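Engineer: Give me coordinates for this.
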Amino acid sequence: MPPTSPTPVNRDEAPPRAAVRESSQESVRAPLRERGDACPGALRLHTADDGRLARLRLPAGLLTVRQAEVLADAAERLGDGHLDLTSRGNVQLRGLDDVGGNRGPELAGLLHEAGLLPSETHERVRNIVASPLAGLDELPSADVQLWARELDGLLCASARAAALSGRFLFALDDGRGDVAALGADVTLLARGDESVVVRIGANRSGLRVTPEDAPRAALLAAETFLTVAEASGSGAWRVRELPAEYGRGLEAAVRAGLGDAGIGTEYVTGAEAAGPGPNHPGPGSGSGSEEELPIPDPVPDHVPSPAPRPVPSPASGPVPGPVPGLVPSPDGTMALSVHARLGRLTVAQWRLLAAAANGPLRVTPWRGVIVPGVAPAAAGSALDRLRTAGLITGPGSPWHGVGACTGRPGCAKALADVRSDAAAAVSHGSGGLPVYWSGCARRCGHPRGRWVDVVATGEGRYDISVQGDAPDTTPKSPTTGPELADAVAAARTTSLTRSTRSTR
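Structural biologist: Just a heads-up that it's a prediction; the model follows:
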């Protein structure tokens, strides 16, 4: 997808509600874009160079085992035999073409039967991410899965919400600060006092509500955004795209709207609204890829012991999403946390995940899957089978933290086959900052936080830089051939910016 506007929005100011209604005509800018939102969905397919693409929204990433089996069947019979995991915990199917043409209607029928399309008019706006390990590890947590189900039902029942862009994002954070860092338009952040803070865009302030009111408050915040966006004349799809004066007034308008709906609020700032600490997730996923890259891990990545749990605090530095490995659950079972290489799974790998689960799978915004309810005695061997099948099952895998967009040949805008180049570079070093390979300057699906940016510039060349909180500004200098993989590995642990040429 093309990048959204960098228009600055949402500072700490909270002017009165009238500020939204009474903005001067001079403040209404020309629309950000001339066309409508073309973000793909399960019914609105996108035409790529490798065929049509469907993107299925999965609120909170939840899939029953039966639904997972339906997706495997669809990928195998109608698509290219793979499933792509996105940076919002959704699933994409590619290659939905055959000699007879578009396979979209048949796919839609399968999804309807599996209960994956509760509302055709809302199928692209069900963008809800939630803390994937909520209730599955030792950390106390709010029931964000319940919030997700309630919010999804409210969204699908709201005629107004159908006007939201397919890019508008809700994040439901159980208090650990993982999905709160994903740049959502509306965030529900659980607090230790059993209250919930509603955060709008990048605001460093928020509105405290009760857990019972939280899903309804999130919907009303989104509906208020639509009203403000229309008043601005900007054509904004996301909160950060609003003209600054409208962005500043949005939180006050939301608070007034919640009051009108009978939802009590308390204005909070600082640490109460900001969450538990810094949180820099690993690579996101772009539009998927063309083929599975069956390159074996050169070093073992499976350690049959519980996966380390990052504890969010201001001093601890980056806090990623779920670390791959074993996760002890409060009910005495184990959850398996695994990641997909470059965000792509074969049908066989996907079926192995479904077969291991004893409860709904959770697709994560870090291009992974949480498999719950595994008996402790069987967990180690189950994880080992997934490792043997090519999944990332431990933080020692050189594939951990490596992401890439679609690249050639699936994307017409790409200047290189970035996925093959990324795979070739994997064995040259791992660890350190996440790294993301992009086929062009759009950087579709790049991660948030601090990361190594590897961007194709044409003729086999790549620019390498460190992006995020403190981007590297070293002047770029071209180098050649075998230095590409070494330069990427060095950039993950040092401040390095340079342009290199692939040898492929």
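Engineer: Do a quick rundown of the helices in the chain.
Structural biologist: Here the chain has its helices, by DSSP state H, at 18-21, 65-77, 104-113, 144-157, 214-232, 244-260, 271-274, 347-356, 376-388, 418-425, 483-491.
Engineer: what helices or strands is the last one leaning on?
Structural biologist: By that I understand helix 483-491. Counting contacts by 3 or more CB pairs under 8 Å, 6 or more residues apart in numbering; DSSP states H and E, helix 483-491 is packed against helix 418-425, strand 451-458, strand 461-467, strand 498-501. C-beta coordinates here come from the backbone N, C-alpha and C atoms, glycine included.
Engineer: same thing with the fifth one?
Structural biologist: Helices and strands touching helix 214-232, as assessed by 3+ CB pairs under 8 Å, 6+ apart, comprise helix 18-21, helix 144-157, strand 170-173, strand 186-190, strand 196-200, helix 244-260.
Engineer: hang on, the earlier thing: pick out the shakiest of the helices of the chain, pLDDT-wise.
Structural biologist: Sorting the helices of the chain by mean pLDDT places helix 18-21 lowest, at a mean of 36.
Engineer: okay, now the residue lying closest to P140 once chain neighbours are set aside: neighbour count?
Structural biologist: Excluding its sequence neighbours, the residue lying closest to P140 (CB to CB, 6 or more residues apart in numbering) is G175, at 7.5 Å. G175: 21 surrounding residues under other CB atoms under 10 Å.
Engineer: And for W350?
Structural biologist: Using other CB under 10 Å, W350 has 23 neighbouring residues.
Engineer: Next up, the contacts around it.
Structural biologist: Counting by CB atoms under 8 Å, 6 or more residues apart in numbering, W350 touches A68, L71, A72, A75, L83.
Engineer: go again using 6 Å as the cut-off
Structural biologist: A72, L83 (CB atoms under 6 Å, 6 or more residues apart in numbering).
Engineer: Then the one 4 residues further on?
Structural biologist: By CB under 6 Å, 6+ apart, the contact set of A354 is V65, A68, E69.
Engineer: Outside of stretch 53-71 itself, list whatever touches it.
Structural biologist: Under the contact criterion CB under 6 Å, 6+ apart, stretch 53-71 has outside partners 40-42, 45-46, 89-94, 96, 107, 110, 114, 116, 126, 128, 130, 145, 148, 152, 354, 357, 360-364.
Engineer: which of the residues in it are buried?
Structural biologist: Going by neighbour count (16 or more other CB atoms under 10 Å), the buried part of stretch 53-71 is 53-65, 67-71.
Engineer: cool, and stretch 40-50?
Structural biologist: Quick answer for stretch 40-50 (16+ other CB under 10 Å): P40, G41, A42, L43, L45, H46, A48, D50.
Engineer: The second one and T121 touch, don't they?
Structural biologist: No: counting by CB atoms under 6 Å, no contact exists between G41 and T121, whose distance comes to 10.8 Å.
Engineer: so what's P322 up against?
Structural biologist: Counting by CB under 6 Å, 6+ apart, P322 touches P132, L133, S337.
Engineer: Next one: D421 relative to G247, how far apart?
Structural biologist: Relative to G247, D421 is positioned 39 Å away (CB to CB, to the nearest Å).
Engineer: And these two? Which one has more around it.
Structural biologist: Using other CB under 10 Å as the criterion, D421 and G247 rank with G247 on top: 27 against 23.
Engineer: State the distance from the more buried one to G235.
Structural biologist: In terms of CB to CB, G247 sits 14 Å off from G235.
Engineer: now do P376
Structural biologist: Taken as CB to CB, the span from P376 to G235 is 53 Å.
Engineer: Pick out whichever of those two has more residues nearby.
Structural biologist: A count of neighbours by other CB under 10 Å puts G235 above the other of P376 and G235, at 19 against 12.
Engineer: where does the stretch 1-150 of the chain dip in pLDDT?
Structural biologist: Residue ranges of the stretch 1-150 of the chain with pLDDT under 70: 1-34, 98-102.
Engineer: Mind jotting down where the strands sit in it?
Structural biologist: 46-48, 51-56, 62-63, 82-85, 91-93, 97-98, 101-102, 128-130 (DSSP state E, counting those that start in this stretch).
Engineer: Direction included, what does the last one pair against?
Structural biologist: Using DSSP bridges, the strands paired with strand 128-130 are strand 170-173 (parallel).
Engineer: what's the strand it pairs with in contact with?
Structural biologist: Residues contacting strand 170-173 (CB under 6 Å, 6+ apart): 128-131, 144, 147-148, 179-180, 182, 184, 186-189, 218.
Engineer: for stretch 194-213, same thing?
Structural biologist: 10, 12, 185, 187-190, 214, 217, 239-240, 250-251, 255, 263, 265-266, 268-269, 273.
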